[in-house]
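Visitor: I would like the atomic coordinates for the input below:
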Amino acid sequence: MDTTLLIIAIFFISLLFNIPLSKFKIPPIIGYIITGIIITSTFHIEKETIEHIAEFGIIFLMFLIGVEFSPEKLKNMKKEVFVYGTLEMLIVGVGFGILTHLFFKIEWSISLIIGGALALSSTAIVLKLLNESHEISKPYGRNSLGILLFQDIAVIPILIAISIITNKNLSLSDLISQTIIGFLGLLGAIYLIGKYIAPFILKQAAKTKSNELFLATLFLIVLSAAQIAHFFELSYSLGAFLGGMIISETPYKYQIEADLAPFRDLLLALFFVSVGLSVDLNFAISNIISILGLFISIMIIKAIFIFAILHFFEKKRVSIKTALTLSQVSEFAFVIFALLSQYKLVDESLLQKLIVAVVLSMIVTPFILKYLYQILPIFDKNKNEEIPLMQPTKVEGHTIIIGYNNIGKKVAKKLNQLCENYVIIDNQIENVREGIKEGIAIIFGNAANKHILESLNIKEAKNVIITTQNENDIHLISENILSLNPNIKIIVISDETSSEKKYYEENKIIRIYKNKEIAKKIIELFLKLKLKEKNGSN
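Guide: Purely as a prediction, here's the structure:
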C-alpha cells in the first residue's frame with residue numbers, strides 16, 4: 001500500500017474512533033491502537049514503514065521529559081533509578097522466568113529472556129499519561145520514571161543474552177565491557193554537546209528571531225542525541241532523555257517544550273498505531289481464552305511483585321500506585337519477541353499470544369491511571385490512610401482555592417465569615433485530612449489536571465485563588481484554568497521581579513506581591529472584585 005494512502009487511512013480511521021471515544025473521556029491512545037488493529041486486518045502493509053516514523057515519537061517524548069529533569073533532579077533520584085530499578089528487573093524478571101519455565105517447559109536461558117521482556121514497562125504510555133496528568137513529580141511518578149529509566153539500560157543485557165545464545169563465538173566479558181564503555185562514552189559525548197555546543201547553537205538560532213531556524217536547531221539536537229546513543233549501541237530514547245536533561249539548564253527550556261510538544265504528540269500517535277499493527281486479529285479471536293488468561297496473569301503478578309519490592313521502602317499507597325502504573329508490558333517486548341521468533345527459539349504460537357497479551361496490557365493502562373484514586377481503596381481499606389476521593393462539585397459562582405497551606409487556611413476562614421461559596425483543592429493528604437476534620441469544603445487532587453478542574457465545575461466558577469508560590473506550578477495551573485474558562489478571575493502570589501510577569505499581564509492574572517499580609521490582601525482584592533461585579537450588573 002502506498003505510504004501516503006496509509007498515513008491518510010491511519011488518521012481517518014483514528015478520527016472515526018477518537019471523536020466518539022472522546023465524548024466518553026476515553027484516552028485517544030485506545031483509538032490509535034484500535035486503528036492499528038483494523039489497518040493490519042484490512043490492508044497488506046509493511047509494519048516497518050510506520051515503526052520507523054513512530055520511533056521518533058518516543059524520542060521526542062523522552063527528550064522533553066529530560067528537559068523537565070535537570071541533572072540535579074536526577075542525582076536526587078539515585079534510589080528510584082538504581083535501587084528500585086535494579087530490584088524490579090531482577091525480581092520481576094527472574095520471577096516471570098521461573099513461571100515461564102514451569103508452565104511452558106521452555107529451557108532456562110530462554111525463559112529468563114522472556115521474563116526480562118515481561119519485566120519491562122511501557123515508557124511511551126506511562127510517561128505520556130503521567131505528563132498529561134502532571135503526576136510525574138509525585139512520589140509514585142518519580143518511582144515510575146526512575147524504574148523506567150533503569151529499564152532502558154536493562155534492555156542491553158537482555159539483547160546481550162540473545163546474542164550469546166545465538167552466537168556461540170561471542171565472549172560474555174567482551175560484550176559486558178563493550179556495554180560499559182558504550183554507556184560511559186554516551187555520557188561523555190552528551191555532556192560535551194549539551195553543555196557547550198547545543199547552548200551556543202540555540203543562542204545563535206534565537207538571535208535570528210526565526211521560529212523555523214529555532215525549530216530546525218531543536219530537531220538537530222534531539223536527533224543527534226538519539227543517534228549518539230545508537231552509535232554506542234544503546235537505545236535512542238536513553239540518548240534523547242540525557243540530551244534533554246543537559247538542555248534543561250539553558251534559558252530556552254519553556255520555548256523548547258512549547259515547540260516540540262505538537263510533534264511529540266503526532267508521532268506518538270503513530271507509535272500507538274504501530275502497537276495495534278502487531279496484533280493478528282484472527283489469531284487473537286481464535287485463542288481469546290488463553291490470551292486473556294496470560295494478559296490477566298501477567299498484570300496481576302507484575303503488580304504484586306512491584307508492590308512487594310517497594311513496600312519495604314515506601315508508604316503502602318505509593319507502592320500500590322507505582323505497582324499499578326507499571327503493571328503493563330513494554331513496547332520493547334515486541335523487539336525481544338521478534339528476535340526470539342527470528343532465531344526460532346520459542347514456539348511461534350506462544351509468542352503471538354504473548355504479543356496480544358502485551359497489547360491488551362497497554363490498552364487497559366490509560367484506564368488504570370485515569371481512575372487510579374478510585375481503584376486505590378480496593379487494595380487499601382485502612383481508614384487512617386484513606387485519601388478522600390475527589391467528587392464533582394455542583395456549586396456555581398463559587399471561588400476555588402488551590403492549596404490548603406497557611407495562606408489558604410486564612411482565606412478560607414475569611415470566606416466562611418463572608419458566607420461565600422468556595423471549594424479547596426490540595427494534593428497533600430495531611431492538609432486534606434486536617435480540612436475535613438474542621439468541616440472545610442476540601443477535596444484531594446492535582447489542580448493542574450484538567451479532568452479534576454472540570455469536576456470542580458471550573459466553567460461556572462467566578463474566581464480562583466492560587467496559594468502556591470512556585471512559579472512553574474502557577475503557570476501550569478493558570479494555563480489549564482484559562483483553557484477551560486477564559487473569563488475567570490485568577491489571583492496569584494508572586495515577586496515583583498517574577499520571570500512570569502509578562503505571562504500574568506497578557507492573561508490578566510491578578511498578582512499579589514509576597515509579604516506578611518498576603519491573606520489579608522487577597523480578601524481585600526476579592527471584595528473589590530465582588531463590588532465591581534455588582535456595580536457592573538446594576
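Visitor: residue contacts, the residue nearest in space to the middle of the chain?
Guide: The centre of the chain sits closest to residue 127, judged by C-alpha atoms, centre = their mean, with a distance of 2.3 Å. If you count contacts by C-beta atoms under 8 Å, 6 or more residues apart in numbering, residue 127 has them with 61, 62, 65, 136, 144, 145, 148. All C-beta atoms are positioned from the backbone trio N, CA, C, and that covers glycine.
Visitor: hang on, isn't residue 294 packed against residue 357?
Guide: Yes. Assessed by C-beta atoms under 8 Å, residue 294 is found in contact with residue 357 at 4.1 Å.
Visitor: still on that earlier bit, now the residue nearest to the centre of the chain, what's its secondary structure?
Guide: Following DSSP: H, G, I helix; E, B strand; the rest coil, we place residue 127 in the helix state.
Visitor: ok, the nearest residue to residue 85 once chain neighbours are set aside to residue 77 distance?
Guide: Distance criterion C-beta to C-beta, 6 or more residues apart in numbering; nearest residue to residue 85, sequence neighbours excluded, is residue 150 at 2.4 Å. Counting by C-beta to C-beta, to the nearest Å, the separation of residue 150 from residue 77 is 10 Å.
Visitor: and what of residue 292?
Guide: Counting by C-beta to C-beta, the gap from residue 292 to residue 77 is 36 Å.
Visitor: of the two, give the one with the bigger neighbour count.
Guide: residue 77 (17 against 14; other C-beta atoms under 10 Å).
Visitor: per-residue confidence for that one?
Guide: We have a pLDDT of 82 for residue 77.
Visitor: surely it touches residue 147?
Guide: No. Applying C-beta under 8 Å as the test, residue 77 and residue 147 come out as separate, 10.3 Å apart.
Visitor: helices along the stretch 51-200 of the chain, start to end?
Guide: 71-75, 78, 85-87, 93-104, 108-119, 123-133, 139-166, 172-192, 198-207 (DSSP state H, counting those that start in this stretch).
Visitor: can you list contacts of stretch 156-166?
Guide: By C-beta under 8 Å, 6+ apart, stretch 156-166 touches 109-110, 112-113, 116-117, 170, 172, 175-176, 179, 233-234, 336, 339-340, 343, 345.
Visitor: once you drop chain neighbours, what's closest to residue 426?
Guide: residue 404 is the one closest to residue 426 (C-beta to C-beta, 6+ apart), at 4.2 Å.
Visitor: go on, residue 421?
Guide: Residue 421 sits nearest to residue 398 (C-beta to C-beta, 6+ apart), 4.0 Å away.
Visitor: pLDDT wise, what is that neighbour at?
Guide: Value for residue 398, per-residue pLDDT: 88.
Visitor: double-check it against residue 424; I have them as touching.
Guide: No. Using C-beta under 8 Å, residue 398 is not in contact with residue 424; the gap is 10.8 Å.
Visitor: can you count the residues close to the residue nearest to residue 421?
Guide: Neighbour tally, residue 398, other C-beta under 10 Å: 22.
Visitor: quick one, what contacts residue 218?
Guide: By C-beta under 8 Å, 6+ apart, the residues touching residue 218 are 202, 256, 259, 260.
Visitor: same question but for residue 232, I mixed them up
Guide: Per C-beta under 8 Å, 6+ apart, neighbours of residue 232: 182, 183, 185, 186, 189.
Visitor: could you identify which of those residues has the most neighbours?
Guide: That'd be residue 186 among the contacts of residue 232, by other C-beta under 10 Å, with 22 neighbours.
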